[in-house]
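**Q** Got a predicted model here, sequence first, then my questions.
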Amino acid sequence: MAPTAPKRRDEYREDVAGRANVADTPELLTYYDDLERYEAGALWTVANKIEPWQPRSGSVPVLWRYADLREPVMRSLDLVTAEKAGRRVIYLNNPGRRDVSAAVGWLYSGLQVMNPGEVASSHAHSASALRFIMEGEGAYTVVDGHKMTLGANDFVLTPNGTWHEHGVEATGTACIWQDGLDIPLVNALEANFYVVHPDLQQAVGHPVDDVRSAYGNPGLVPSTGTWSKPYSPLLKYEWAPTYEALNRYAKVTDGSPFDGVMMNYINPVSGGPVMQTIGAAMQMLRPGERTKAHRHTGSFIYQCCKGSGYSIIDGRRFDWRERDIFCVPSWTWHEHVNLSDRDDACLFTFNDLPVMQALGLYREEAFGDNGGYQHAAG
Ligand SMILES: [Fe+2]
Ligand SMILES: [Fe+2]
C-alpha cells in the first residue's frame, strides 16, 4: 500500500505582513505531531482561521414560508400530545447551524401549536424566550404568576429563570406562535439549567393582564414599588398600540435609510432591551419603500406580520408575505422592499443585539457601491 501523504498544516497561510505564513517542512510536521501528543498545537497553523479579518457567519440566509410550514405544524397536533412532547414545536433548522439547532447564529426559533383546552407544564430555564402570536384565539401565557392573554402579533417574554407555561382557553381555537430563544448561546456558554415546576402548574397570583395596566402606559411607570429584575416588567407587548406608535412616529420622521420606520421594544423601567440577551423591534416599510443595504454584527430573525415584499440578503432575493420568517446572519448585507404602493408592510424582529452591545462587539457598515443597493442575483 502506498504511504499516505502527511496531513498539510499550512493551508491557512496568508502572504500578508502580520499574518501567519509558515510553510510546512518535514521537520515542522514532526514537531506538530509531537505537540499533538500533549494536546497542544502551534498557533501559527490555525491563527488565520480562528482570527478571520471580519466575522464569517456559519449561518446561511433562509426564508421559511408559512405556506410550507403551516400544514406540517398543524399535523403535529395529531401526531404527538403536548404532554408527551413537552412542547409541541417544529423548529427552524439553519443548514449551517444544524449542530446547535439554531435558526441563525446563536438564536433558536420554532413554531409551536396548541389545541383549545391544552396547557403545557410550567417550567423555568436559563435560556430567555419570547413568543410572537401568529394565529388563533384564546392563547395565554403565565409568567411568575402573571397571566397574559394573547392575540395575533402580540408578543410575550418568558425571561431567564421565570416560571412559565402556555395554554389555549377551551373556548379558543388552535393557536400557532413563533418561539424565539437564546438556547444555542446559553449552551455555548455552558450555562443552561432547566427545571419543571414541582406542581406542574403555577397559581395565577395577580389580576389577568395586570402588567399591561401597570407598565404599558406611555411615559409612565408606577410611582410605588420597585422593579429591579434585569428584564422588562411589561412582559407582554400588544400589536394595536405598537402599530399605532409606528404610524404616529411615521408622521414625524423620514425613518432610517436601512430600516424604514423602526421602533425597539424596551424595558420601560430601564429604557434598555426587553431581556438581557434578546432584543426585539417592529419596523414599518411605507408603501413602495425600498431601504438601502447595510450590515452589522448580531443575528436577526424576522417575521412579516403585515403586508408583503422582499429582502435582498447577501445578494439573494427572498420574497416574503404575512407570517413568513427569514433570518439575516451576522455581518451580512441586507435591504428590504415593500412591494405594495398602497399598504405598509411590517416586520417583527428579534436579535442578539443586547449581547453584542454589552460585550462591545456591535459594528455597523453601510453598503457603499451602487448608490447603496446590492445587485440581486434573484
Ligand atoms: Fe420555556
Ligand atoms: Fe439591519
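**A** Okay, I see it. Ligands and ions are numbered 1, 2, ... in the order given.
**Q** got a pLDDT number for Pro3?
**A** Per-residue confidence for Pro3 comes out at a pLDDT of 70.
**Q** what do you get for the one 3 residues further on?
**A** What the model reports for Pro6 is a pLDDT of 73.
**Q** ok, now the one 3 residues further on?
**A** If you check Arg9, the pLDDT there is 95.
**Q** Tell me which residues touch it, please.
**A** Taking C-beta atoms under 8 Å, 6 or more residues apart in numbering as the contact definition, Arg9 lies against 24, 28-29, 32, 45. Heads up, the C-betas are built off the backbone N, CA and C, glycines and all.
**Q** Now do the SS call for it.
**A** Secondary structure, DSSP: H, G, I helix; E, B strand; the rest coil: Arg9 is coil.
**Q** tell me, how many neighbours does the closest residue in space to it that isn't next to it in sequence end up with?
**A** Of all residues not flanking Arg9 in the chain, Thr45 sits nearest, at 4.7 Å (C-beta to C-beta, 6 or more residues apart in numbering). Applying other C-beta atoms under 10 Å, we find 20 other residues in the vicinity of Thr45.
**Q** quick one, what contacts Thr45?
**A** Contact partners of Thr45, counting by C-beta under 8 Å, 6+ apart, are 9-10, 12, 20, 22, 32.
**Q** Of these, keep whichever come out buried.
**A** By neighbour count, with 16 or more other C-beta atoms under 10 Å, the contacts of Thr45 hold 9-10, 12, 20, 32 as buried.
**Q** Nearest to Phe367 among the residues you listed?
**A** Ranking the buried ones among the contacts of Thr45 by separation from Phe367, with C-beta to C-beta as the measure, puts Tyr12 on top at 28.5 Å.
**Q** could you list every residue that touches the closest one?
**A** Neighbours of Tyr12 in contact, by C-beta under 8 Å, 6+ apart: 20, 45-49.
**Q** related to what we said a few turns ago, got phi/psi on the residue nearest to Arg9?
**A** Main-chain torsions, Thr45, degrees, to the nearest 10: phi -80, psi -20.
**Q** Look up how far Lys7 lies from it.
**A** Remark: distance between Thr45 and Lys7 (C-beta to C-beta, to the nearest Å) = 11 Å.
**Q** now swap in Ala40 and tell me
**A** 16 Å.
**Q** Surely Ser121 touches His197?
**A** Yes. Ser121 lies in contact with His197 (C-beta atoms under 8 Å); the separation is 6.7 Å.
**Q** Please enumerate the shared neighbours of these two.
**A** Here Ser121 and His197 have Glu165 as joint contacts, going by C-beta under 8 Å, 6+ apart.
**Q** so what's Pro268 closest to, chain neighbours aside?
**A** Leaving aside its sequence neighbours, Pro268 is closest to Tyr215 (5.2 Å, by C-beta to C-beta, 6+ apart).
**Q** list the contacts for that neighbour?
**A** So, once contact is read as C-beta under 8 Å, 6+ apart, Tyr215 ends up touching 221-222, 232-234, 268-269.
**Q** Return the per-residue confidence for it.
**A** Residue-level confidence at Tyr215 comes out at 97, pLDDT.
**Q** all helices for the chain, in order.
**A** Along the chain, the stretches classed as helices by DSSP state H are 26-37, 47-50, 66-79, 82-85, 183-188, 210-215, 239-250, 353-358.
**Q** would you put the C-alpha positions of the first one in CSV?
**A** Yep, that's helix 26-37 we're talking about. These are the backbone C-alpha positions of helix 26-37, laid out as CSV (Å, rounded to 0.1, in the frame of the first residue of the first chain):
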residue,chain,number,x,y,z
PRO,A,26,9.4,17.7,7.3
GLU,A,27,10.9,19.0,10.5
LEU,A,28,7.9,21.2,11.3
LEU,A,29,5.4,18.4,10.5
THR,A,30,7.2,16.1,13.0
TYR,A,31,7.1,19.0,15.5
TYR,A,32,3.4,19.5,15.1
ASP,A,33,2.8,15.7,15.6
ASP,A,34,4.9,15.9,18.8
LEU,A,35,2.7,18.8,20.1
GLU,A,36,-0.5,16.9,19.3
ARG,A,37,0.6,14.1,21.7
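**Q** Show me what counts as buried in that helix.
**A** Under 16+ other C-beta under 10 Å, the buried positions of helix 26-37 are 28, 32.
**Q** from the middle of its chain, how far away would that helix be?
**A** Here the centre of mass of C-alpha atoms in helix 26-37, compared against the chain's by C-alpha atoms, centre = their mean, to the nearest Å, lies 43 Å away.
**Q** Please report the distance of Asp344 from Glu137.
**A** Distance from Asp344 to Glu137, counting by C-beta to C-beta: 25 Å.
**Q** More neighbours: the two, which one.
**A** Using other C-beta under 10 Å as the criterion, Asp344 and Glu137 rank with Asp344 on top: 20 against 17.
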